[in-house]
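K.L.:
give me the fold of what follows.
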Amino acid sequence: MCSGGLVGLLMIGGKMYLSHTCYKRRAIEIEALANEQGWQYRPGFTILLSGSLPNGETWQIRPTFGEDYRYLWQAPVKTSEEGVWVTAHRAGMFMTLFSGPTRYKDVGPPELQRQYFLAATDKELLHRVLTPDILNLLLNWPRRRWRTERSLKISLGHDRLRISTEIDDSADHLARLVDLGTTLINAYGQA
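P.N.:
The predicted structure follows:
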């Protein structure tokens, strides 16, 4: 009985040590990426990463706690145009019921249509935003290790671009999130 408890405690301690070691390694990798790119990195704060867009506006990535998503990338946009929404199919079905965009099943390649729900207030705006670079990023969007489907929601409105996603805590996945956000800003004509 006593040796079983000791083995259990050693296993829990070992797991905690490995988890902390992995966290520290990821934090070092993310900090190196941020320094290389000229971003600000603040582990443990409300805003994890932030940087500047070519137009001088600031983008930021922050962890989310009350949503189904793990990270939120957002940046301000200034336009009178309203709305593009791209989301994984599971979440997209409810989007048009509440927000009023039109779903477009004829925009983008069939693979994109199979993976994502695409809606907009204006079809031309959706065409303009879905550049070859954006299509490539969306079709190759990462998943967390244990998830079977992508978890991604993009909303582009008249005052901000917001991307919610569930990705791994890795420098590569966070760099992809920044790339998607800045590429969308450029496609939207805000850079």
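K.L.:
distance of the residue most central in space within the chain from T131?
P.N.:
Centrality entry for the chain: nearest residue to the mean C-alpha point is T165, 3.8 Å, by C-alpha atoms, centre = their mean. Between T165 and T131 the computed distance is 19 Å (C-beta to C-beta, to the nearest Å). Bear in mind the C-beta positions are built from the backbone N, C-alpha and C, glycine included.
K.L.:
likewise for A27?
P.N.:
Where T131 is concerned, A27 sits at a distance of 33 Å (C-beta to C-beta).
K.L.:
what does H173 give?
P.N.:
H173 is 21 Å from T131, by C-beta to C-beta.
K.L.:
so these two - more neighbours on which side?
P.N.:
Shown here are H173 and T131; by other C-beta atoms under 10 Å, H173 has more neighbours (19 against 15).
K.L.:
what's the closest non-adjacent residue to that one?
P.N.:
I167 (4.0 Å; C-beta to C-beta, 6 or more residues apart in numbering).
K.L.:
likewise for G83?
P.N.:
Distances taken as C-beta to C-beta, 6+ apart put T121 closest to G83, at 4.3 Å, once the chain neighbours are dropped.
K.L.:
one more: T87?
P.N.:
That would be K153: by C-beta to C-beta, 6+ apart, it lies 4.3 Å from T87.
K.L.:
likewise for S170?
P.N.:
S170's closest residue in space is R26 (C-beta to C-beta, 6+ apart), at 6.1 Å.
K.L.:
separation between P76 and V84?
P.N.:
16 Å.
K.L.:
higher neighbour count, the two?
P.N.:
V84 (24 against 14).
K.L.:
gap between the more buried one and R62?
P.N.:
22 Å.
K.L.:
repeat that for Y104.
P.N.:
30 Å.
K.L.:
okay, now the unreliable bits of the protein?
P.N.:
Within the chain, the stretches with pLDDT under 70 are 1-11, 13-23, 44-45, 65-69, 80-82, 89-100, 145-150, 190-191.
K.L.:
strands of that one, start to end?
P.N.:
Under the criterion DSSP state E, the chain contains strands at 40-41, 49-52, 58-63, 71-76, 84-88, 102-103, 116-120, 152-156, 160-165.
K.L.:
packing partners for the fifth one?
P.N.:
With contacts defined as 3 or more C-beta pairs under 8 Å, 6 or more residues apart in numbering; DSSP states H and E, the packing partners of strand 84-88 are helix 95-99, strand 116-120, helix 123-129, strand 152-156.
K.L.:
try 6 Å this time
P.N.:
Under the contact definition 3 or more C-beta pairs under 6 Å, 6 or more residues apart in numbering; DSSP states H and E, strand 84-88 sits against strand 116-120, helix 123-129, strand 152-156.
K.L.:
got the angle between that strand and strand 160-165?
P.N.:
Inter-element angle recorded for strand 84-88 and strand 160-165: 0 degrees (by axes from the mean of the first three to the mean of the last three C-alpha atoms, to 10 degrees).
K.L.:
I'd like the numbering to begin with 15 instead of 1 from here.
P.N.:
Fine by me, first position is 15 from now on; the one you just mentioned is strand 98-102.
K.L.:
fine by me, thanks again.
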